[in-house]
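A.B. asks: Below are the sequence and a predicted model for it; my questions follow.
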Amino acid sequence: MPLPRLIDLSHTIVDNMAQWPGDGQPLRLHRHSLHGESSHMSSGLELGCHVGTHIDAPLHFLAGEPGIDELPLDRFLGPAVVIRCGHSDQTRALGAELLDDLDLTDVDFVLFDTDWARHWGTDLYYERWSWLSPELATRLAEAQLKGVGLDTPSLDPYDAQTAHDICAPAGLINIENLTNLQAVPDRGFTLQVMPLKLDGTEASPVRALAMLET
């Protein structure tokens with residue numbers, strides 16, 4: 001059986017990379033030792049759970065929900081579709097009309113390609129971005145999905161959590177800071193966003209992959 005073609009949808013984690021404004025812990029990727037006559041390469045990593053391409057579990061905004069390590073593995077894998085939102089540098093709420101005439105039968109994940117990933121690594125990336133309007137978040141929450149993802153820092157604008165509060169009770173996981181969505185088709189692929197098995201946490205960095213049948 002031929003293996004699926006894999007497309008990486010994750011940002012590379014680098015030392016001291018930018019992250020959500022106000023997160024107190026800087027990211028540190030240490031090289032404790034390098035290759036030498038009497039040494040080998042050894043690295044260390046210090047980071048928060050919401051850095052880079054990551055997922056939020058409902059526990060992030062909804063007390064009493066299971067942690068990342070308690071969710072079944074099939075919650076992080078399934079058929080996905082991409083909605084192309086058009087190129088814009090303006091802050092905007094994505095409207096519910098984006099789902100009009102979209103067949104979500106047998107779809108587990110809806111991903112929004114806003115082309116914001118092109119600003120990754122710049123000051124602009126965490127200053128403004130597109131987010132889910134309450135109307136769009138509500139329709140997604142009612143669609144019996146496993147999750148929703150964007151190529152932006154959050155489902156919500158800064159200092160807001162409306163979309164999170166709508167999606168969490170529906171059991172959706174949120175995939176944030178995706179990239180390379182232009183490389184995948186609108187539908188017909190499987191998304192995989194396996195988290196680290198972290199005890200009782202609400203989020204985890206992931207290696208997000210699109211799996212296309214060859």
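C.D. replies: Looks like it arrived, so ask away. Numbers count the residues shown, from 1 in each chain.
A.B. asks: Excluding chain neighbours, what is closest to L132?
C.D. replies: Nearest residue to L132, sequence neighbours excluded (C-beta to C-beta, 6 or more residues apart in numbering): A163, at 4.1 Å. To be clear about C-beta, it is placed using only N, CA and C from the backbone, and glycine gets the same treatment.
A.B. asks: how far out from the middle of the chain is the strand or helix carrying L111?
C.D. replies: Taking DSSP states H and E as the criterion, the element that holds L111 is strand 109-113. Computed by C-alpha atoms, centre = their mean, to the nearest Å, the separation of strand 109-113 from the middle of its chain amounts to 10 Å.
A.B. asks: who does whatever helix or strand comes next after that strand pair up with?
C.D. replies: In the C-terminal direction, the helix or strand that comes right after strand 109-113 (DSSP H and E) is strand 131-132. According to DSSP bridges, strand 131-132 forms sheet pairs with strand 93-94 (parallel).
A.B. asks: what's in contact with the strand it pairs with?
C.D. replies: Applying C-beta atoms under 8 Å, 6 or more residues apart in numbering, the contact partners of strand 93-94 are 85, 112, 114, 130-133, 136.
A.B. asks: out of those, which is most surrounded?
C.D. replies: Of all these, the most densely surrounded is L132 (29 neighbours; neighbours counted as other C-beta atoms under 10 Å).
A.B. asks: list the contacts for the residue sitting furthest away from the middle of the chain?
C.D. replies: What lies farthest from the middle of the chain is E37; by C-alpha atoms, centre = their mean that is 41.4 Å. Taking C-beta under 8 Å, 6+ apart as the contact definition, E37 lies against nothing.
A.B. asks: try P79
C.D. replies: 106-109, 187, 189-191.
A.B. asks: Can you say which of these are buried?
C.D. replies: Restricting those to buried positions leaves 107-109, 189-191, with burial counted as 16 or more other C-beta atoms under 10 Å.
A.B. asks: and which of these is nearest L212?
C.D. replies: Closest approach between the buried ones among the contacts of P79 and L212, by C-beta to C-beta: F189, at 4.8 Å.
A.B. asks: mind listing what that closest one touches?
C.D. replies: Taking C-beta under 8 Å, 6+ apart as the criterion, F189 is in contact with 7, 79-80, 210-213.
A.B. asks: hmm, which two among those are most spread apart?
C.D. replies: I7 and P79 (14.8 Å).
A.B. asks: that older thread, now the helix or strand where the residue nearest to L132 lies, how far from the chain's geometric center?
C.D. replies: Element membership for A163 (DSSP H and E) is helix 162-167. From the chain centre to the centre of helix 162-167 is a distance of 15 Å (C-alpha atoms, centre = their mean).
A.B. asks: just stretch 90-100 next, same as before
C.D. replies: Distance, stretch centre to chain centre, for stretch 90-100: 18 Å (C-alpha atoms, centre = their mean).
A.B. asks: Give the buried residues for that stretch.
C.D. replies: The neighbour-count criterion (16+ other C-beta under 10 Å) identifies 92-94, 96, 98-99 as the buried residues of stretch 90-100.
A.B. asks: Make JSON lines out of those and add pLDDT and distance to Q182.
C.D. replies: Putting the buried residues of stretch 90-100 into JSON lines (pLDDT from 0 to 100; distance: C-beta to C-beta, whole Å) gives the following:
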{"residue": "R92", "pLDDT": "90", "distance to Q182": "19"}
{"residue": "A93", "pLDDT": "95", "distance to Q182": "22"}
{"residue": "L94", "pLDDT": "96", "distance to Q182": "17"}
{"residue": "A96", "pLDDT": "97", "distance to Q182": "24"}
{"residue": "L98", "pLDDT": "96", "distance to Q182": "17"}
{"residue": "L99", "pLDDT": "97", "distance to Q182": "20"}
